[in-house]
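J.: The sequence and its predicted three-dimensional model are supplied below.
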Amino acid sequence: MWTSPYVLSCFVALTEKKLPFEVQTVKLHEAAQHSATYVHTSFTARVPALVDGDFSLSESSAIVEYLEDKWPAPGHAAVLPPELHQRARARQLMAWLRSDLGPIREERSSEYVFYPIESLPPFGPLSTAAHKAVTKLVTFAERVVPAEGGPLFGAWCRPMSPFRHGCLHSPSASGGAPPCSRSSTRFGPPIVQQSLSA
């Protein structure tokens with residue numbers, strides 16, 4: 001498995017919607033995301049990418065939105081809130097978390113979320129920029145996380161929804177996928193290859 005929260009958000013959306021898919025690994029350590037074939041698929045040379053017939057798409061939040069639009073509730077599980085304002089806020093959160101807070105991501109790899117801290121190299125104190133990003137994150141969280149706790153967007157949230165309790169839950173934690181192995185992260189996140197009919 002991989003440790004990218006962006007890849008996992010797509011994995012969770014596909015799994016929650018019970019859509020058949022296969023995973024293809026992109027070897028980031030070999031710069032495979034820059035190959036002509038992959039760039040043709042992803043457009044952005046970034047992972048993850050989704051292939052649905054002759055259509056391909058990259059950027060995880062766009063993939064989640066595409067899946068929600070193409071396979072909506074009630075035929076498939078909802079992964080975004082149905083109410084207009086909540087759905088807009090969910091989209092805002094997805095975009096903001098992916099585009100801001102860079103110092104935190106640089107100084108605290110997502111490996112520290114998925115693996116025991118004692119199995120990873122120790123990290124130093126946060127920089128001034130990372131402290132500012134943490135303050136920004138906490139301030140935002142205090143505004144959107146319900147005071148009583150629980151899902152950000154109410155009862156519609158499913159246990160594996162990318163927004164349950166305000167964070168992405170790894171499918172492996174609930175038995176939906178095999179547990180991560182440290183060595184597998186060296187190969188990077190996957191292309192999610194789909195062959196689905198409308």
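T.: Right, received. Where do you want to start?

J.: Do a quick rundown of the strands in this structure.
T.: 22-25, 49-52, 55-58, 190-194 (DSSP state E).

J.: what helices or strands is the third one leaning on?
T.: For strand 55-58, the elements it packs on are helix 36-42, strand 49-52, judged by 3 or more CB pairs under 8 Å, 6 or more residues apart in numbering; DSSP states H and E. All C-beta atoms are positioned from the backbone trio N, CA, C, and that covers glycine.

J.: Same check on the first one?
T.: Packed against strand 22-25, as judged by 3+ CB pairs under 8 Å, 6+ apart, are the following elements: strand 190-194.

J.: Now the strand it packs on: average pLDDT?
T.: In this model, strand 190-194 carries a mean pLDDT of 33.

J.: Check stretch 8-22 too.
T.: 93.

J.: in this protein, which ranges drop under the pLDDT threshold?
T.: Across the chain, the stretches falling below the confidence threshold (pLDDT under 70) are 1-2, 156-198.

J.: Can you show me the helices along it?
T.: Listed from the start of the chain, the chain has helices (DSSP state H) covering 5-16, 36-42, 60-70, 84-99, 102-107, 111-114, 128-144.

J.: and the fifth one, which residues are buried?
T.: Within helix 102-107, the residues that qualify as buried are 103, 104, 107, counting by 16 or more other CB atoms under 10 Å.

J.: Could you export the helices and strands packed on strand 55-58 as CSV, including mean neighbour count?
T.: CSV is the format used below for the helices and strands packed on strand 55-58 (neighbours: other CB atoms under 10 Å):
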stretch, mean neighbour count
helix 36-42, 14
strand 49-52, 23
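
J.: now residue 23: how far from residue 144?
T.: For residue 23, the distance to residue 144 under the criterion CB to CB, to the nearest Å works out to 31 Å.

J.: swap in residue 26?
T.: When distance is defined by CB to CB, residue 26 is 32 Å away from residue 144.

J.: again with residue 34
T.: Computed as CB to CB, the residue 34 to residue 144 distance reads 36 Å.

J.: which one of these two has more residues nearby?
T.: Taking neighbours as other CB atoms under 10 Å, residue 34 and residue 144 compare with residue 144 leading, 14 against 10.
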